[in-house]
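In: Below are the sequence and a predicted model; questions follow.
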There are 2 protein chains.
Amino acid sequence: MNQSNGYHVAVVGATGAVGQQMIQTLVKEKFPIRQLTLLSSARSAGKKVTVDGVEHTVQEAKPESFAGVDIALFSAGGNISKELAPEAVKHGAIVVDNTSAFRMDQDIPLVVPEVNEQDLHQHNGIIANPNCSTIQMVVALEPIRQKFGLKKVIVSTYQAVSGAGAVAIEELQNQTKAIINGETVEPKILPVKGDKNHYQIAFNAIPQIDKFQDNGYTYEEMKMINETKKIMHLPELHVAATCVRLPVAVGHSESVYFEIEEDGISANEIKELLKTAPGVVLQDDPENQLYPMPANCVGSNDVFVGRIRNDLNEGRGFHMWVVSDNLLKGAAWNSVQIAESLIKLGLIKEKK
Amino acid sequence: MNQSNGYHVAVVGATGAVGQQMIQTLVKEKFPIRQLTLLSSARSAGKKVTVDGVEHTVQEAKPESFAGVDIALFSAGGNISKELAPEAVKHGAIVVDNTSAFRMDQDIPLVVPEVNEQDLHQHNGIIANPNCSTIQMVVALEPIRQKFGLKKVIVSTYQAVSGAGAVAIEELQNQTKAIINGETVEPKILPVKGDKNHYQIAFNAIPQIDKFQDNGYTYEEMKMINETKKIMHLPELHVAATCVRLPVAVGHSESVYFEIEEDGISANEIKELLKTAPGVVLQDDPENQLYPMPANCVGSNDVFVGRIRNDLNEGRGFHMWVVSDNLLKGAAWNSVQIAESLIKLGLIKEKK
């Protein structure tokens, strides 16, 4: 950090739930940083953030904030990305954008390094980081696709509130406390901050993440469907998703049904494959009640997979349970990992 | 209650989470009771329970407890049912058993009145009440099967802790309180009281309900699979289940994917059908964020269905979200409803 060589890194949205994890991940992963610039919306500008023992003042993100920046990690909402990511590129920065602003743009790679790192070669300054629930699923599915082919995916998610930001974590905590004490608190954030109605999340399950589209699916569900096809280069893949919010602070879980192309494959063969798959930790020992759980995944960069079993009717069908820290592999770590891949592939040069 | 005509009803497991709901449901539904006998294991015998203003002392359930009983509602664990249900039948009682002891017995009807009430005609003294998560799903699926046929079901559940008894509700409450206060509490009940390991349920999701079978499925998952086929009289139906425990006290939710036999059916036709289906309340208006949630279903006998939408790839495929009070329609209310059906069908005579 602040070494004489390395990169000038900007974090946009530095005070948010994901931004905070981005900063911690840069430090933890010893990302080669020459200079760190912390940016945010006008609302959060002026806040102090201590990074690796050094106090930084968060500045309001403006076009000129990106002068001299090599890599800008954006996680301050789609509107800020739409406005400022092109400005950052104009100033010579490469943008890794964690919002949904550019994900489905044909000219912008949508990257999970374990799956499609090579797509980074096509970048034009902006690389999109996929939706959190998509990332952990494709990390688990890609080794299966490579070896056995992949035809169909039906996923039901069990998502943590931190996906809706730090305010949602706070809402879960305050609401839980109030209910335990026999008090009432009016829900104000979840399921979607900008939507009409807000519902209790403590001791509840809400089958809505993001707003609804006209087809009855939520944007979150359509993100999982469309992003999975794009990342895996499988435009014809059958994908269906139901996304549900739980009273869990951090850690998304997914019940994934999938069908492969090959016949006669056993669950044990899938387990063997995932044992050595990049980014995956297999936790699958029913006899000893070993399976992934959100409470155990917090703070880890890995995607945990368990409960792998053959479908009882469909020979090519399988079920599995996929859990990961949605703020890390689902957001901050995948973004930093993309930056690391850019360096590894020689796609970014440090400006001196 | 305690009128001169009506039935002598025994509740076995009267102090448990479901037993308590059975007693309240009998009162609320004005079930014609001449005499009420509350029974339990030796451990809970002697406890006082006030029913409709009258104090009852819970007695230890023994073979002779059933002398003169017309209807015995069992919910005190599979072992007590296996031992005492046949004794109750010998004494002339009809047993409605809420445990898994007899559910897959070929000679014993497994009944959800909205689906297969007529199976009661085949009873030999014992009628089995299905698993809670099975009941709410088949209530939603049966009208669809009747009109459009049913080929395949893939369900992922979001189950409340009360399915594991009153001790599990207590564990969720105490654990939540401790975590909120920064204390630690050693998990002792969930996921399965009699299994080797116990895990935190507060702010977590546990992909295990009941013990594991050798095929990698839990008993709960196999119950959903086998019971659904039996109740719906569809031995060839493709059913798959993944069962997950949530930090919710009461109210099971289910993400259900299903395929029908007919082509060209729209989600709106499924919605129209479920609007008037017995036992179903349709809550499906995405524009106004109307969908079922466990926090809203507590205390209702109904099965709430929403988020109905066509699959985007499979023309005969649909998704829906099904929520119900697992202690009521999932247990107590379905049992009392079976007793009401027995009376309606003339299958039980009151002894004077």
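Out: The structure has been received and is ready for your questions. Residues are numbered from 1 along each chain as shown, chains lettered A, B, ... in the order given.
In: Find me whatever residue is spatially closest to A:Glu262, sequence neighbours aside.
Out: Take A:Glu262 and drop its neighbours on the chain: the residue closest to it by Cβ to Cβ, 6 or more residues apart in numbering or on different chains is A:Phe148, 4.5 Å away. In short, each C-beta sits where N, CA and C put it, glycine included.
In: Tell me the confidence at that neighbour?
Out: The confidence metric pLDDT takes the value 98 at A:Phe148.
In: separation between it and A:Glu269?
Out: For A:Phe148, the distance to A:Glu269 (Cβ to Cβ, to the nearest Å) stands at 8 Å.
In: quick one: secondary structure of the residue of chain A most remote from its centre?
Out: Among residues of chain A, the one most distant from the C-alpha centroid is A:Gly182; the distance is 35.3 Å, by Cα atoms, centre = their mean. Here A:Gly182 is coil, with the state taken from DSSP: H, G, I helix; E, B strand; the rest coil.
In: what ranges do the strands span in the stretch 251-352 of chain A?
Out: Remark: strands assigned in the stretch 251-352 of chain A by DSSP state E, counting those that start in this stretch are A:252-259, A:280-282, A:303-310, A:317-324.
In: got CSV for the ones you listed, with mean pLDDT and mean neighbour count too?
Out: As requested, these are arranged in CSV below (pLDDT from 0 to 100; neighbours: other Cβ atoms under 10 Å in any protein chain shown):
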stretch, mean pLDDT, mean neighbour count
strand A:252-259, 99, 25
strand A:280-282, 98, 20
strand A:303-310, 98, 25
strand A:317-324, 98, 26
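In: A:Leu190 contacts A:Val167, correct?
Out: No: counting by Cβ atoms under 8 Å, A:Leu190 sits too far from A:Val167 to count as a contact (9.2 Å).
In: neighbour count winner among the two?
Out: Set side by side, A:Leu190 and A:Val167 show more neighbours around A:Leu190, with 25 against 15, by other Cβ atoms under 10 Å in any protein chain shown.
In: you'd agree A:Ile179 is up against A:Pro187?
Out: No: here A:Ile179 lies out of contact with A:Pro187, judged by Cβ under 8 Å, at a distance of 11.3 Å.
In: Dump the strands of the stretch 251-352 of chain A into CSV; add distance to A:Ser156 as well.
Out: As requested, the strands of the stretch 251-352 of chain A are exported to CSV (distance: least, Cβ to Cβ, whole Å):
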stretch, distance to A:Ser156
strand A:252-259, 5
strand A:280-282, 20
strand A:303-310, 13
strand A:317-324, 11
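In: Would you format those strands as TSV with distance to chain B included?
Out: Shown next, in TSV, are these (distance: least, Cβ to the nearest Cβ, whole Å):
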stretch	distance to chain B
strand A:252-259	4
strand A:280-282	14
strand A:303-310	4
strand A:317-324	5
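In: Residues touching stretch A:164-173, excluding its own?
Out: Residues from elsewhere that reach stretch A:164-173 (Cβ atoms under 8 Å, 6 or more residues apart in numbering or on different chains): A:16-17, A:20, A:161-162, A:187-193, A:201-202, A:209, A:245, A:247, A:249-250, B:180.
In: got the contact list for the residue nearest to A:Glu262?
Out: Contact partners of A:Phe148, counting by Cβ under 8 Å, 6+ apart, are A:Ile260, A:Glu261, A:Glu262, A:Ile265, A:Ile270.
In: ok, the last one - how many residues close by?
Out: The reference is to A:Ile270. The burial metric for A:Ile270, expressed as a neighbour count using other Cβ under 10 Å, is 25.
In: burial count for A:Ala277?
Out: Taking other Cβ under 10 Å as the criterion, the count of residues near A:Ala277 is 19.
In: Give me the nearest residue to it, chain neighbours excluded.
Out: Once flanking residues are discounted, A:Ala277 sits nearest to A:Pro143: 4.0 Å by Cβ to Cβ, 6+ apart.
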